[in-house]
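**Student:** Show me how the following folds:
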Amino acid sequence: MLLNKEDIEGLENRYRGLFINALSGMKAAHLIGTCDGHEHSNLAIFTSVFHIGSHPPLLGMISRPHSVARHTLENILETKHYSINHVNESIYQQAHQTSARYDRSTSEFQAVGLSEQWIEDFPAPFVEQSRVQLGMELREHQHLAINNTDMIIGEIIHINIKDDIVSDDGYVAVGRAESVMVSSLDTYHSCDLLSRLSYAKPGAAAQLAEKADSSLKK
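**Tutor:** Numbering: from 1, shown residues only. Model (predicted):
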């Protein structure tokens, strides 16, 4: 298949959406937990979360054009807080269902059968069934004029992660957490480990590091 700009623009909308979304490869699946100022909860699956920096610990995410109601975006802008929860193999079907267009009065937690988890002094719900939970505070909001999407940048201010998936050197074994990946818009994959490699240096070929899970807590 060889396509130029005109060919791409001529693709049928549904086909183009699936096709172009697949070209970037695997994307991590996350559930974003929010609520409005009255603690009406909302939950939505996102595949656009990305690392920005470690000090301070920043993550970005992209929200689709605000031409229709975007409850997640609206809640984040109102309360300045949200949670990022890894989707795992036990809940990926419920997570996918949160992409349905529920009205604002409906909590996706209840609609899809996932449990809200609240912690003291944090004004957004977590997903109880998730094994990696991050509490976020809004740091920057940018409207991207190129396609009318919105970029949210948040700082990690709370981490709840199972001890047995974090190694002594800080490596997080997302495969042991059964975190899942998404290709295109609707296809889910498990995270199978290939290996860990040594720190890359000029003139030295990468070497296999110790077994990736050897330093994990049992």
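**Student:** Now do the helices in the chain.
**Tutor:** 5-9, 13-23, 71-79, 92-97, 108-112 (DSSP state H).
**Student:** Show residues contacting the longest one.
**Tutor:** Applying CB atoms under 8 Å, 6 or more residues apart in numbering, the contact partners of helix 13-23 are 8, 11, 183, 184, 185, 186. To be clear about C-beta, it is placed using only N, CA and C from the backbone, and glycine gets the same treatment.
**Student:** how many other residues sit next to the closest residue to the fifth one other than its chain neighbours?
**Tutor:** Nearest non-adjacent residue to residue 185, counting by CB to CB, 6 or more residues apart in numbering: residue 21, 5.2 Å away. When counting by other CB atoms under 10 Å, one arrives at 16 neighbours for residue 21.
**Student:** And the one 3 residues further on, by the same measure?
**Tutor:** Neighbour count of residue 24, defined by other CB under 10 Å: 11.
**Student:** ok, now residue 59?
**Tutor:** The burial metric for residue 59, expressed as a neighbour count using other CB under 10 Å, is 19.
**Student:** Quick check: which ranges of this protein have low pLDDT?
**Tutor:** 210-218 (pLDDT under 70).
**Student:** From residue 87, how far out is residue 134?
**Tutor:** Separation of residue 134 from residue 87 (CB to CB, to the nearest Å): 13 Å.
**Student:** on that earlier part again, right, and the helices of the chain - which one's nearest residue 51?
**Tutor:** Closest to residue 51 of the helices of the chain, according to CB to CB: helix 71-79, at 18.4 Å.
**Student:** from the chain's centre, how far out does the closest one sit?
**Tutor:** Centroid separation for helix 71-79 versus its chain: 16 Å, with CA atoms, centre = their mean, to the nearest Å.
**Student:** What is that helix packed up against?
**Tutor:** Helix 71-79 is packed against strand 30-35, strand 41-46, strand 81-86, strand 132-144, strand 149-161, with contacts defined by 3 or more CB pairs under 8 Å, 6 or more residues apart in numbering; DSSP states H and E.
**Student:** quick one on the thing from earlier: okay, the helices of the chain in TSV with distance to residue 168 next?
**Tutor:** Converted to TSV, those look like this (distance: least, CB to CB, whole Å):
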stretch	distance to residue 168
helix 5-9	47
helix 13-23	37
helix 71-79	34
helix 92-97	30
helix 108-112	35
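**Student:** Of the ones you listed, which is nearest residue 152?
**Tutor:** Among the helices of the chain, helix 71-79 comes nearest to residue 152, with 6.0 Å by CB to CB.
**Student:** Only the buried residues of that closest one, if you could.
**Tutor:** By 16 or more other CB atoms under 10 Å, the buried positions in helix 71-79 come out as 71, 72, 73, 74, 75, 76, 77, 79.
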